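Trainee: only geometry, no sequence info:
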C-alpha cells in the first residue's frame, strides 16, 4: 500500500527535523512506549521521542562514538531522569533481547547498513509482537529529484532503493501491514511495518 501525503512541512524548519516530524506522523506513539532509535546521530530524534512518550523509555543507538557523545549531551536531562539511554552499537547485532521495543525507528541511516535483509530481520527480532518499525528517508530511487540522488548515492557507497524494493525487503524480513508514505514534491519516504502478533 502506498500513501500520498499532501500537507507541506514548515519551510523554515531544518530539513532533517522537518523530515523526522513528518515521518513520525505515520506511527502511533503511546505515552508509555519503549522506543529504540537506530543510528541516533546527535540525539534530536531521541529527545523528540522522550517528549512524545513522557511515561516511556527511549534508547538511542549509534555506531559512532562521536555521535554517542553528542547525543548524550543533547539528552543529558532525560538521561539523568532515567528515561533515556544512549549507547554504542550496530544494527548488525542489536544488543537487546527479543521482543523489547514497541517502536524502532531509523532516520536517514539505512543507506549505509551492511546487509539490509539481515538488518531488517534484526530489527524485527527486538520488536514486541505488534510493534512498529518506521524507516524515514530523505530520498528513494524514483522519487522527486531521484535522478540527482541517483548520481550522488553511488559516490557515497550508499544503497539507493525504490519504494517497492523497500516494501519487499520489509515483507521478506517478516513484517506485516507494510506501507510507504511520501511527500509528492520532495523525495521523502516513510516505510513502516509491524511485527506479527
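Mentor: The structure has been received and is ready for your questions. Fair warning: this is a prediction, and the values are worked out from it, not measured in the lab.
Trainee: list the buried residues of the longest strand anywhere in the chain.
Mentor: The longest strand of the chain (DSSP state E) is strand 127-137. Judged by neighbour count (16 or more other CB atoms under 10 Å), strand 127-137 contains these buried residues: 127, 131-137. Every C-beta, even on glycine, is put in place using the N, C-alpha and C of the backbone.
Trainee: sheet partners, orientation included, of it?
Mentor: strand 101-107 (parallel), strand 189-194 (antiparallel) (DSSP bridges).
Trainee: need these in CSV (columns: distance to residue 123 and mean neighbour count).
Mentor: Below are those laid out as CSV (distance: least, CB to CB, whole Å; neighbours: other CB atoms under 10 Å):
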stretch, distance to residue 123, mean neighbour count
strand 101-107, 5, 25
strand 189-194, 9, 24
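Trainee: so can I have TSV of the ones you listed showing mean pLDDT and distance to residue 93?
Mentor: Below are the strands paired with strand 127-137 laid out as TSV (pLDDT from 0 to 100; distance: least, CB to CB, whole Å):
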stretch	mean pLDDT	distance to residue 93
strand 101-107	97	15
strand 189-194	96	21
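Trainee: how about TSV for the ones you listed, with distance to residue 79 added?
Mentor: Converted to TSV, the strands paired with strand 127-137 look like this (distance: least, CB to CB, whole Å):
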stretch	distance to residue 79
strand 101-107	18
strand 189-194	27
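Trainee: tell me which stretches of the chain form strands.
Mentor: 2-4, 34-38, 57-62, 84-88, 101-107, 127-137, 176-182, 189-194.
Trainee: between those, which gets nearest to residue 76?
Mentor: Residue 76 lies closest to strand 84-88 among the strands of the chain, at 9.1 Å (CB to CB).
Trainee: and that closest one, which strands flank it?
Mentor: Checking strand 84-88 against DSSP bridges gives partners strand 57-62 (parallel).
Trainee: which residues touch the partner strand?
Mentor: Outside strand 57-62, the residues that touch it by CB atoms under 8 Å, 6 or more residues apart in numbering are 34-41, 43, 45-46, 49-50, 68, 71, 75, 78, 83-89, 91, 94-96, 101.
Trainee: now it: average pLDDT?
Mentor: Averaging pLDDT along strand 57-62 gives 98.
Trainee: just the angle between it and strand 34-38, please?
Mentor: 10 degrees (axes from the mean of the first three to the mean of the last three CA atoms, to 10 degrees).
Trainee: ok, residue 108 - how many residues close by?
Mentor: Residue 108 has 19 neighbouring residues, counting by other CB atoms under 10 Å.
Trainee: quick one: residues contacting it.
Mentor: 16, 19, 39, 41, 136-138.
Trainee: please list all residues in contact with residue 161.
Mentor: Neighbour list for residue 161: 116, 140-141, 169 [criterion: CB under 8 Å, 6+ apart].
Trainee: next, it: phi, psi?
Mentor: phi -110, psi 160 (degrees, to the nearest 10).
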